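>>> Mind folding the following:
(one chain, ligands or ions: 1)
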Amino acid sequence: MKRILSLVLIAAMLFGGFGCSTITEPEAAYHTGLSFSELEPSGKRVSLEIARAKELLFRIERGELSGDRAQAMLDAAEETYQALQTDASIAYIRYCRDVTDRENKSAYDDLASGIEALGCILVDAALLLKADPALRERYDAKTVDSLLREDALSDPAILPLIERERDLVGAYEALPERLIVERHGRRWTGDEILSDPTLSPEDFAALYEQYQDPFNREAGALYLALIRVRRQIAETLGFKSYAEYRYDCIGRSYTPADAAQLSEHVRDAFAPVLSQTAAPFYRAAGVLCNRTYACGSAMRGIRTAIAETLPELSEPWTYMTGHGMFDLGTDPKRMPGSFTVYLADYGAPFLFSSWTNGFDMPPTVIHEFGHYASFYLRGSGTETEDALDLAEIDAQGLELLTVMRYDTIYGAVSDAAETAELFYALYALLDGCAEDAFQQYAYAQEEPTVEALNAEYERLIGEYGLDRFGAEARSWTQIPHTFQSPFYYISYAAGMLTALELYVISKSDPDAAKEAYRAILTRTDGGLLRILKQAGLNDPFDPEHMRNLARELERIQSKEETDGRNGTQNDR
Ligand SMILES: [Zn+2]
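Residues are numbered from 1 along each chain as shown. Purely as a prediction, here's the structure:
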């Protein structure tokens with residue numbers, strides 16, 4: 001039985017397919033072997049399928065259809081639903097390749113809206129059939145429970161609100177091409193500022209600074225509108241707060257209050273370690289910046305690093321590269337950021353990122369490939385709980401384990417690359433918490449204003465020790481997740497605590513770290529704490545464990561400092 005969840009379809013950057021999206025049960029992972037260029041739309045029309053589903057629901061309600069026949073028709077409708085979802089994911093990838101192309105955008109929007117409406121009808125139909133005595137075996141307690149949960153998160157009454165939400169997100173995504181600043185008699189869009197190679201560093205800095213204020217104002221105004229519409233969604237469905245609704249959508253086993261507590265413990269234990277890592281990071285970055293990291297050679301290095309760390313991941317890598325199931329283009333019209341999405345009808349994931357020649361590109365691709373490998377091996381997954389946190393362990397865990405073979409990617413500067421990676425990992429951990437705290441604040445305010453949000457953000461990044469590294473009061477408007485995938489960020493923190501634990505273990509026992517990672521990657525069900533326990537790892541929420549982990553990281557950091565590593569070697 002496939003699970004149906006309507007609502008937000010493919011909102012998640014960095015990790016497509018979650019948020020309130022459909023999670024279909026895997027028919028073990030199969031792969032059609034088609035290349036991305038060969039993928040065709042299903043040819044199904046969403047409006048027609050909605051009409052058919054309504055007719056099906058109507059006939060079940062009136063008792064004209066029941067038992068196996070009704071169930072077979074519902075199963076067929078669910079197949080169609082999955083095909084339309086795959087169509088929508090492909091439309092989304094096309095839109096991300098050029099966010100200025102309105103045709104791609106509206107193709108995606110139409111599919112996404114239609115699929116949400118279709119999902120609501122199919123959940124209602126399944127809820128009627130569960131009462132059918134002939135189908136008792138089909139609707140066991142677990143299935144009914146998950147249907148009821150889906151029903152609590154969806155209602156036709158919120159569909160217009162979700163459409164409004166999607167329009168506001170689209171307006172945010174269009175800002176860099178729409179917003180114009182003037183300097184020395186010339187007009188610039190944000191996209192032009194970022195992509196003009198002739199700009200001197202001084203002109204770039206001046207223009208970018210000039211662009212920040214209007215961007216913050218306009219994106220901030222869109223965010224206030226998003227807060228209003230999202231709170232209405234939560235209220236309509238009877239939730240106490242938008243944060244609680246959203247945590248339920250994501251399927252977390254912990255509450256926003258638990259996350260707030262986690263954040264405070266993370267702040268206390270890890271902000272000092274981040275600060276200690278700063279000076280080595282800057283030295284390392286100085287060494288790493290002397291090189292460019294061309295896509296072709298970096299990808300060969302990444303392939304070797306992954307194959308030598310976890311040989312079983314060579315197969316998904318070969319599938320991805322052999323079938324063109326990735327896109328690392330460089331056009332400035334692309335959606336910023338990276339994501340991986342599962343195309344269920346083709347049994348194949350797709351990886352999207354934008355290559356910049358920067359030293360941070362290899363870990364970005366390795367992160368996304370952790371998601372890719374998980375989708376490839378497990379299909380969409382069966383988790384009913386904490387799927388997003390576990391998915392981030394797939395990604396961040398692989399990032400921190402491949403550090404062991406950074407020599408294949410970074411050669412003589414691999415120690416510097418490891419120092420940089422550890423810094424980024426700690427930054428992601430603290431930022432994951434700070435962004436969640438910020439969003440919890442934003443959605444809880446009676447009358448939020450952009451100024452108040454800027455002030456709170458400034459306070460939080462100071463508290464979490466992020467203000468030393470370029471983040472400032474206006475930076476929150478530059479984070480796409482805040483607009484596109486609300487309350488995603490805490491999963492980066494929850495996942496990173498485990499990824500850092502794997503990193504610490506790998507320092508003394510690489511095989512044990514790999515085994516623990518494998519146990520997570522091949523999970524068959526969810527529940528973060530249960531899976532971690534089975535893998536022999538600690539409860540990431542335990543403050544005592546956090547303090548130990550922070551101490552271990554400090555020790556590794558100081559040892560590397562005294563060994564004269566951390567970017568002090570020459571780039572030969
Ligand atoms: Zn991720």
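
>>> Could you pull out the helices in the stretch 201-350 of the chain for me?
With DSSP state H, counting those that start in this stretch as the criterion, the stretch 201-350 of the chain has helices at 201-236, 242-250, 256-288, 295-309, 314-322.

>>> For those, give me a markdown table that also has mean neighbour count.
(C-beta placed from N, C-alpha, C; glycine too.) As requested, the helices of the stretch 201-350 of the chain are exported to a markdown table (neighbours: other Cβ atoms under 10 Å):
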| stretch | mean neighbour count |
| --- | --- |
| helix 201-236 | 17 |
| helix 242-250 | 23 |
| helix 256-288 | 19 |
| helix 295-309 | 18 |
| helix 314-322 | 16 |
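
>>> Would you convert these into JSON lines that also reports distance to the ion?
Listed next are these as JSON lines, based on distance: least, Cβ to the ion, whole Å:
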{"stretch": "helix 201-236", "distance to the ion": "22"}
{"stretch": "helix 242-250", "distance to the ion": "13"}
{"stretch": "helix 256-288", "distance to the ion": "17"}
{"stretch": "helix 295-309", "distance to the ion": "16"}
{"stretch": "helix 314-322", "distance to the ion": "16"}
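
>>> Turn the ones you listed into a markdown table, columns for mean pLDDT.
Conversion of the helices of the stretch 201-350 of the chain to a markdown table gives the following (pLDDT from 0 to 100):
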| stretch | mean pLDDT |
| --- | --- |
| helix 201-236 | 94 |
| helix 242-250 | 95 |
| helix 256-288 | 96 |
| helix 295-309 | 97 |
| helix 314-322 | 96 |
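
>>> Pretty sure residue 132 sits against residue 66.
Yes. In this structure residue 132 lies within contact range of residue 66 using Cβ atoms under 8 Å: 5.5 Å.

>>> quick one: contacts of stretch 246-254?
Applying Cβ atoms under 8 Å, 6 or more residues apart in numbering, the contact partners of stretch 246-254 are 7-8, 18-20, 149, 152-153, 230, 234, 239, 255-256, 259, 262, 383-389, 486-488, 491, 526-529, 541.

>>> Now the terminal residues of that stretch, how far apart.
Using Cα to Cα, to the nearest Å, the end-to-end distance of stretch 246-254 comes to 12 Å.

>>> That one: how far from the chain's middle?
Relative to its chain's centre, stretch 246-254 lies at 14 Å (Cα atoms, centre = their mean, to the nearest Å).

>>> Output the below-cut-off pLDDT ranges for the stretch 301-450 of the chain.
For the stretch 301-450 of the chain, the stretches with pLDDT under 70 are 382.

>>> Minimum distance to the ion, which residue of it gives it?
Of all residues in the stretch 301-450 of the chain, the one sitting closest to the ion is residue 395 (4.0 Å; Cβ to the ion).

>>> what number of residues lie near residue 134?
The number of residues packed around residue 134, counting by other Cβ atoms under 10 Å, is 13.

>>> Quick one: residues contacting it.
So residue 134 contacts 66-68 (Cβ under 8 Å, 6+ apart).

>>> Highest neighbour count among these?
That'd be residue 66 among these, by other Cβ under 10 Å, with 17 neighbours.

>>> OK, contacts around that one?
Residue 66 touches 60, 129, 132, 134, counting by Cβ under 8 Å, 6+ apart.

>>> let's go with 10 Å and repeat that
By Cβ atoms under 10 Å, 6 or more residues apart in numbering, the residues touching residue 66 are 59-60, 128-129, 131-135.

>>> next one: residue 111
Shown in contact with residue 111 (Cβ under 10 Å, 6+ apart): 9-10, 41, 44, 46, 84-92.

>>> Which members of those residues are positioned in helices?
46, 84-92 (DSSP state H).

>>> Show me the strands in the stretch 101-250 of the chain, by range?
Here the stretch 101-250 of the chain has its strands, by DSSP state E, counting those that start in this stretch, at 180-183, 186-189.

>>> List the buried residues in the strand or helix carrying residue 442.
In this assignment (DSSP states H and E), residue 442 forms part of helix 414-444. Judged by neighbour count using 16 or more other Cβ atoms under 10 Å, the buried positions of helix 414-444 are 414-443.

>>> One more: stretch 527-545?
Under the neighbour-count criterion of 16+ other Cβ under 10 Å, stretch 527-545 has 527-529, 531-532, 535, 537-538, 540-541, 545 buried.

>>> is it true that residue 113 touches residue 163?
Yes. Between residue 113 and residue 163 there is a contact at 5.6 Å, judged by Cβ atoms under 10 Å.

>>> hey, what's in contact with both of the two?
With Cβ under 10 Å, 6+ apart as the test, residue 113 and residue 163 reach no residue in common.

>>> need the contact list for residue 70.
For residue 70, the contacting residues are 56, 59-60, 64, 125, 128-129, 132, 134-135, by Cβ under 10 Å, 6+ apart.
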